[in-house]
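In: next come a sequence and a model predicted from it.
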Amino acid sequence: MRLRPFHFVVCQFLLAVVGRAELKWDKLVQEFQRAPAEGAVEAHFTFRNAGQAPVTIKSLRPSCGCTTARLEKKTYAPGEQGEVLARFSIGGRRGMHRVIVNVITDDMPKEPVVLDLRVYIHDPVTIAPALVYWRTGEPPAAKTVQVNAEAAQPVHVKSVTSSNPRVTAALQIVKPGAQYIVSVAPADTTQKESAEISVQTDFPSDSPQAYTIHARIK
């Protein structure tokens with residue numbers, strides 16, 4: 001029995017739907033808070049081919065030259081997983097930045113998939129002074145460093161550590177999440193020495209930042 005043209009079109013449509021390829025994305029929008037010193041942000045946009053045919057990602061188009069996007073490969077079989085790695089360079093940027101990465105594929109629908117990367121860049125912690133020093137022969141009295149967090153962003157100092165056992169660092173909590181004092185003291189000042197004091201914080205929560213106080217005996 002010959003199929004009528006209408007029936008033929010319907011059958012062709014159903015076959016196309018059954019064999020359709022489709023990428024399912026775990027998270028299309030990702031947000032980050034970063035300090036300028038961190039240099040860059042990397043976002044992993046993971047996906048899976050939930051259809052019954054291979055999918056080829058033809059191109060990735062970031063909306064800003066500050067961002068690169070790459071794949072391990074272009075074609076993904078049914079059930080296969082992959083990810084788009086988007087890397088945002090901080091440079092001298094501050095404040096809120098939003099970058100769109102358009103993902104062009106050969107599957108339906110024809111509109112590109114939009115990956116949305118949002119980065120808020122600010123440094124909520126101030127260290128003053130960032131350098132403490134003593135002259136050789138000077139009394140080895142402790143010197144203090146103020147560590148302050150801006151009011152809008154509580155930051156907790158978790159620990160302070162010295163790279164040199166002959167230069168100690170002690171933490172005093174003035175106001176949790178806002179004000180701290182680090183006392184730095186050498187064992188003596190008989191010779192030239194140096195140390196880096198690492199101030200470990202809990203900000204941002206997904207990648208806590210450490211700040212450095214420099215100590216010198218000149």
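Out: Yep, it's here. Being a predicted model, the structure only gives us computed values, none of them experimental.

In: can you pull up the bridge partners for the residue nearest the centre of the chain?
Out: The residue lying closest to the centre of the chain (C-alpha atoms, centre = their mean) is V41, at 3.7 Å. Assessed by DSSP bridges, V41 has beta-bridge partners F88.

In: which residues sit against stretch 172-183?
Out: Applying C-beta atoms under 8 Å, 6 or more residues apart in numbering, the external contacts of stretch 172-183 come out as 142-149, 151, 154-157, 160, 169-171, 197, 199, 213. For the C-beta atoms, the positions are set from N, CA and C on the backbone; glycine is no exception.

In: what of stretch 103-119?
Out: For stretch 103-119, the surrounding residues in contact (C-beta under 8 Å, 6+ apart) are 20-23, 25, 28-34, 41, 43, 45, 51, 53, 55-61, 67, 69, 84, 86, 88, 90, 96-102.

In: and that stretch, end to end?
Out: For stretch 103-119, the first and last residues are 20 Å from each other (C-alpha to C-alpha, to the nearest Å).

In: what's the answer for stretch 103-113, then?
Out: One end of stretch 103-113 sits 5 Å from the other (C-alpha to C-alpha).

In: average pLDDT for that stretch?
Out: Mean per-residue pLDDT for stretch 103-113: 82.

In: just the pLDDT for V9.
Out: 41.

In: do you know how far Q191 is from V184?
Out: Using C-beta to C-beta, to the nearest Å, Q191 is found at 17 Å from V184.

In: the two: which is more packed in?
Out: V184 (22 against 10; other C-beta atoms under 10 Å).

In: my guess is that one contacts T168. True?
Out: Yes. If you go by C-beta atoms under 8 Å, V184 and T168 touch, sitting 7.3 Å apart.

In: mutual contacts of the two, please.
Out: Shared contacts of V184 and T168 (C-beta under 8 Å, 6+ apart): S162.

In: hang on, the earlier thing: now the buried members of the contacts of stretch 172-183.
Out: For these, a burial check counting by 16 or more other C-beta atoms under 10 Å picks out 143, 145, 147-149, 155, 157, 160, 169, 171, 197, 199, 213.

In: between those, which sits nearest A128?
Out: Nearest to A128 among the buried ones among the contacts of stretch 172-183, counting by C-beta to C-beta, is V145 at 6.9 Å.

In: what strand or helix carries that closest one?
Out: In the assignment (DSSP states H and E), V145 maps to strand 143-149.

In: after that strand comes which helix or strand?
Out: Next helix or strand after strand 143-149 toward the C-terminus (DSSP H and E): strand 157-162.

In: whichever helix or strand comes after that following strand to strand 143-149, inter-axis angle?
Out: Reading on from strand 157-162 to the C-terminus, the next helix or strand found by DSSP H and E is strand 167-175. Going by axes from the mean of the first three to the mean of the last three C-alpha atoms, to 10 degrees, strand 167-175 is angled at 40 degrees with respect to strand 143-149.
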